[in-house]
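K.L.:
sequence first, predicted coordinates after that:
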Amino acid sequence: MNLLAVVLLMPLAAFLLLLAVPRSSPQASRIGALWLSLATFLASVGLLWWFDRGAAGDQFTLDIPWISTPDIHFHIAANGVSIWLTLLSTFLTPICVLVSWRHIQHSVKEFYAFLLLLEFGLVGVFLAQDLFLFYVFWEVSLVPMYFLIGIWGHERRIYAAVKFFLFTMAGSVLMLAAIIYLYNRAGTFSYPAIVDMLASGRLTFAPGEEMLLFLAFFVAFAIKVPLFPLHTWLPDAHVEAPTAGSIMLASVMLKMGTYGILRYCVPLFPASARACAPWIVVLAIIGIIYGALVAMVQPNMKKLVAYSSVSHLGFVVLGIFSFTQFGMDGAVYQMLAHGISTGALFAIVGLLYERRHSLEIKDYGGVATAAPWLSTAFLITTLASIGLPLLNNFVGEFLVLQGAAMANFKWAVWAAIGVILSACYMLWLYQRVFYGEAGPEVRSRVPDLNLREWAAVVPLIVMMVWMGVYSRSFLPPVGKTTALVLEQSQVNVPFRVSIPGNLASFDAETRRRGEEMEFTAETPRRGENRYGDGDVFAPCSTPGFARRGSRETCSARAQDFGERTFLCSLCAQTSGRANARTTSRTFLEGFSLRLGVSAVRSLVSSASPRLRVNASSREVIHAR
């Protein structure tokens, strides 16, 4: 049997087994949930062992017909991003079982059954390759979280559960409408088939049509992230949820949104994604700063950590829409790092709540005196959360800021303010809770960590250090997948090229000032290499460019022209042809190009079917 299917179906089998445990044996439910969740995690580690880290495509593919009309398949596979998110889900589930051991005292069997059902839905979201199957798993994960908050939450649990459900369902309806529309246009729910159809030109969308589809998917994912200003459901859900619910919500469930943006929004609708990138980045930066400022003034520990998630996940969205390799790698790494560090924050806050039965910061103080090891664990987690070097969050935030700086340096400057503010609110929280004089309530009711709690906290701390020190154990498969996403995001995207007037050479008919010529260009598709005129070209050191008159790859020292565009001086002067697949949305301002009209015809064979050349400005302008 396919190992990926085993990892996916084990939580569902565990859910059914727990339902058979007698309600009168709560300890049996706890032990069963722990061992079953550990077995799922070990199976997922085996999945990682057999995963080919050098491959960019999907692996462990399983495609079984499910429903004949419409054509729906049980189609699952793993790539370099989904494999890590799957492991994150299976890694945190046994930790949630441990931290809930004493806290959950009523309906124990049902609690752990819903927790395992939630794991099943989350893993399914990351592995689904059929859009309808993806939507089913998306909704499956919503139901158990609703009950975890509504039944085992705190005083305002019903309000928080209903608000969470309504926000998520509103986005889900939009996404379902877009999925149905895609099926009507493509004739299939298969995500790989739709991507191939878009790349080959068998499926195209008008600009307005593509924009509406992009927004339908994006709003659904932005609610789940959550992206400012769609974040208002999150603090209530976190504060009212039990500790295990908060951990899974912040560490894994929010990643459904960022994964959906990276996996579906960008490759399926690349032109709209790039067109909307500036205002999405603005919202992400607002979320980074706003979340940090609001977290700083929170009197409740859980609400403070909740708003910190709004801030940290703004970095993920910023990295994705920087459309750089560094930015996307950092976005994925930040997903994983945030899952570990924020999961640890909620776990330790939950342990404090078990002892003091309060989430208010003012009810603490001097905890380091009564529980020194607990305070040490929280300090390490705090330093990881604020991005201290050698701990996990630093790697993700650094890569995101590097990618943002490559795209637009001002984005990096504004986003860096959030890093400074995170140090302010986290260190201030630590000072108020753990330093100062310990009151009688703290001395008598806040003992140090026991063996079970150590078992839950130590793996999280180990992962924070490992991810901070040895990031290369995670990044290679991530980089392969994000590079593929970047390539897919450059298919059929309009671009603009500026040709210096004093160097460009046009035919006599185009020399008259102000005259425009229109060219009809065949759209090049992914995988094709068209340079025109039958000339022999070989790629320059950067893929997509060619050196005229040579069959060998140019190995000359390249000059950086920005936007990840590199050409040596000779190629920059002699190469008038470029593969539009790699130059889409790259502004080749100031290139020393000597171009004839035939060369211009080759150059404008890009994602847009109609372009025009202004003879006075020597600009190739998109004119759809």
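P.N.:
Noted; the coordinates are in hand.
K.L.:
residues touching stretch 206-224, excluding its own?
P.N.:
167-168, 170-172, 174-175, 177-178, 181-182, 205, 230, 233, 253-254, 256-258, 260-261, 264-265, 268-269, 271-273, 275-276, 280, 624 (C-beta atoms under 8 Å, 6 or more residues apart in numbering). (Glycine included, C-beta is placed from N, CA and C.)
K.L.:
ok, of the residues you listed, which come out buried?
P.N.:
Among the contacts of stretch 206-224, those classed as buried by 16 or more other C-beta atoms under 10 Å are 167-168, 171-172, 174-175, 178, 182, 205, 230, 233, 253-254, 256-258, 260-261, 264-265, 268-269, 271-273, 275-276, 280.
K.L.:
just the strands in the protein please.
P.N.:
Using DSSP state E, the strands of the chain run over 59-67, 72-78, 497-498, 516-520, 537-539, 546-548, 558-560, 566-568, 610-614, 619-622.
K.L.:
neighbours of residue 65, how many?
P.N.:
By the criterion of other C-beta atoms under 10 Å, residue 65 has 10 neighbours.
K.L.:
do the same with residue 36
P.N.:
So residue 36, with other C-beta under 10 Å, has 23 neighbours.
K.L.:
show the contacting residues for the residue nearest to it when sequence neighbours are not counted.
P.N.:
Among residues not flanking residue 36 along the chain, residue 14 sits closest, at 3.7 Å (C-beta to C-beta, 6 or more residues apart in numbering). With contact taken as C-beta under 8 Å, 6+ apart, residue 14 is in contact with 32, 33, 36, 37, 39, 40, 116.
K.L.:
and the gap between the fifth one and residue 137?
P.N.:
With distances taken as C-beta to C-beta, to the nearest Å, residue 39 is found 21 Å from residue 137.
K.L.:
more neighbours, these two?
P.N.:
For residue 39 versus residue 137, neighbours defined as other C-beta under 10 Å are more numerous around residue 137 (22 against 16).
K.L.:
what's the closest non-adjacent residue to that one?
P.N.:
Using C-beta to C-beta, 6+ apart, the nearest residue to residue 137 is residue 124, at 3.3 Å.
K.L.:
ok, now residue 130?
P.N.:
residue 75 (4.3 Å).
K.L.:
weakest of the strands of the chain by average pLDDT?
P.N.:
Among the strands of the chain, strand 537-539 has the lowest mean pLDDT, at a mean of 31.
K.L.:
thought residue 95 was touching residue 459?
P.N.:
Yes: between residue 95 and residue 459 there is a contact under C-beta atoms under 8 Å: 6.7 Å.
K.L.:
higher neighbour count, those two?
P.N.:
Set side by side, residue 95 and residue 459 show more neighbours around residue 95, with 23 against 17, by other C-beta under 10 Å.
K.L.:
and that one, what is it in contact with?
P.N.:
The contact partners of residue 95, by C-beta under 8 Å, 6+ apart, come to 247, 343, 347, 456, 459, 460.
K.L.:
relative to residue 466, how far out is the last one?
P.N.:
Residue 460 sits 11 Å away from residue 466, going by C-beta to C-beta.
K.L.:
between the two, which one's more packed in?
P.N.:
residue 460 (25 against 15).
K.L.:
contacting residues for that one?
P.N.:
Residue 460 neighbours (C-beta under 8 Å, 6+ apart): 95, 340, 341, 343, 344, 347, 381.
K.L.:
do that again at 10 Å, thanks
P.N.:
Counting by C-beta atoms under 10 Å, 6 or more residues apart in numbering, residue 460 makes contact with 91-92, 95, 247, 251, 339-341, 343-345, 347-348, 377, 380-381, 384.
K.L.:
any idea how far the most centrally placed residue in the chain lies from residue 90?
P.N.:
Central residue of the chain (C-alpha atoms, centre = their mean): residue 258, 3.4 Å from the mean position. According to C-beta to C-beta, residue 258 and residue 90 sit 19 Å apart.
K.L.:
same deal with residue 379?
P.N.:
Note on residue 379: its distance to residue 90, by C-beta to C-beta, is 28 Å.
K.L.:
surely the residue nearest to residue 137 and residue 85 touch.
P.N.:
No: using C-beta atoms under 10 Å, residue 124 is not in contact with residue 85; the gap is 11.5 Å.
K.L.:
show the pLDDT at the spatially closest residue to the residue nearest to the centre of the chain that is not a sequence neighbour.
P.N.:
Leaving aside its sequence neighbours, residue 258 sits nearest to residue 316 (C-beta to C-beta, 6+ apart; 4.7 Å). Note for residue 316: predicted pLDDT of 95.
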